[in-house]
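Asker: sequence and predicted model, in that order:
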Amino acid sequence: MIIKRKNILAAASVAAMVVTLGSQAQAQQRYTVGSLAEGTTPFIVNTAWANAINKYMPGHKVTVSAVGAATKHAILVAQGKMDFSMYAPIQYRLLYKQIGPYKKITNGPELTEKISQLFSYPIGQYHVVVYESSGIKSFADIKGKKVFLGPPAGVATRNTKLIIDAMTGYQPGKDFVQVKMGWGAAAQAFQDRKIDVWITVTTSPSPSVSQLTLSNKIRLLSLDESKFDHPSWKKYISQPGRNMATIDPGAYGPNMVNTEPVLVTGAVVGLAVRSDMDEDLVYNMMRAFWDHQEDAHAMASFMAKTINLENAVESLAHPVHPGALRFYKEKGIKLNIMKLSK
């Protein structure tokens with residue numbers, strides 16, 4: 001009888017533990033942040049955001065999802081099916097006007113109010129990468145080649161089409177083969193030499209590009225300033241958040257064969273959140289991230305120049321989440337919020 005009683009007490013103790021653990025699991029709040037592929041600037045920033053919340057806000061768990069295009073992630077956030085995503089100023093304008101990748105949307109203005117910005121940051125530059133052995137030395141040489149422009153329904157693809165048209169007059173499907181796949185699959189396909197030209201948007205030096213140069217000689221294609229009067233270039237560069245930069249020929253070590261600075265273009269993007277997320281919760285998340293931004297800086301050599309409060313408010317566009325506004329107010333940071341509906 002004593003043995004049976006001990007067994008009963010032990011079983012009860014285990015059951016109580018299971019119930020307790022189950023309750024803790026149920027109490028943990030889970031969130032998803034949509035991201036571009038591993039190795040890109042948004043992936044590193046979004047991972048840093050997730051790490052900060054997971055570390056400094058017990059009971060809250062953020063998971064990074066690098067599946068699909070940023071244009072789709074924004075719709076999922078607006079629909080309440082995703083909690084955070086990368087969000088660029090141009091996405092707001094395209095969604096509001098229901099054009100480009102959002103041309104099939106019928107309630108664009110309504111959806112834009114359901115996505116709120118938290119902070120902005122420079123996504124980096126468009127790296128147009130080729131292997132030295134390909135013989136491709138300029139945009140003109142991509143004729144007849146297999147080219148990855150970006151995910152089929154993404155804003156990046158819209159932009160790279162404009163850039164290539166301005167530089168060469170080439171059109172996908174007519175002058176070159178457009179490779180249609182996601183960011184991660186394209187990076188792998190380029191490593192496997194199944195495509196000739198790989199375009200990725202990332203800060204220099206990029207981890208994914210640096211990995212390539214460990215055993216391969218590569219070239220970055222430079223923009224031609226003489227083509228900047230082209231209508232497609234003017235259409236591209238007039239979008240909000242565009243910028244110009246140069247990449248030093250030594251940025252990726254001796255296996256980068258460029259001998260002169262590479263003229264490139266880039267953009268500013270941001271992290272967005274569901275507009276209906278609780279103000280106090282978002283405020284605490286902002287504090288968890290920004291009060292420990294040194295954790296983010298440790299993730300990559302370029303992160304200190306990418307993640308800082310100066311960049312955070314550089315390209316904020318309406319609407320900005322009330323929790324973020326409260327955070328910036330407490331920090332004494334003045335905001336100049338863009339209105340992009342026009």
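Answerer: Looks like it arrived, so ask away. Residues are numbered from 1 along each chain as shown.
Asker: for K161, give its distance to P42.
Answerer: As judged by CB to CB, to the nearest Å, K161 and P42 stand 21 Å apart. The way it works is simple: take the backbone N, C-alpha and C, and place the C-beta from them, glycine included.
Asker: what of M181?
Answerer: Distance of M181 to P42, computed by CB to CB: 18 Å.
Asker: again, but for M286
Answerer: Applying CB to CB, the value for M286 to P42 is 18 Å.
Asker: with neighbour numbers in mind, choose between these two.
Answerer: Between M286 and P42, counting by other CB atoms under 10 Å, P42 is the more crowded of the two (30 against 25).
Asker: and the more buried one, helix, strand or coil?
Answerer: The three-state label given to P42 by DSSP: H, G, I helix; E, B strand; the rest coil is helix.
Asker: surely it touches M86?
Answerer: Yes: at 4.5 Å, P42 and M86 qualify as touching, with contact defined as CB atoms under 8 Å.
Asker: can you check which residues contact both of those two?
Answerer: Residues touching both P42 and M86 (CB atoms under 8 Å, 6 or more residues apart in numbering) are S35, L36, A70, I123, V269.
Asker: which of those residues fall in strands?
Answerer: For these, the ones inside strands are I123, V269, with DSSP state E as the criterion.
Asker: may I ask which of the shared contacts of P42 and M86 has the most neighbours?
Answerer: Counting neighbours by other CB under 10 Å, the top entry in these is L36, with 31 neighbours.
Asker: dump the residue contacts of it.
Answerer: L36 makes contact with P42, F43, A66, A70, M86, W183, V201, according to CB under 8 Å, 6+ apart.
Asker: so the last one bridges to which residues?
Answerer: Read it as V201. Per DSSP bridges, the residues bridged to V201 are Y126.
Asker: just give me the neighbour total for it.
Answerer: V201 has 25 neighbours, counted by other CB under 10 Å.
Asker: and the gap between it and A66?
Answerer: From V201 across to A66, the span is 14 Å (CB to CB).
Asker: domains in this structure, by residue range?
Answerer: 2-123+269-330, 124-268 (automatic domain parsing).
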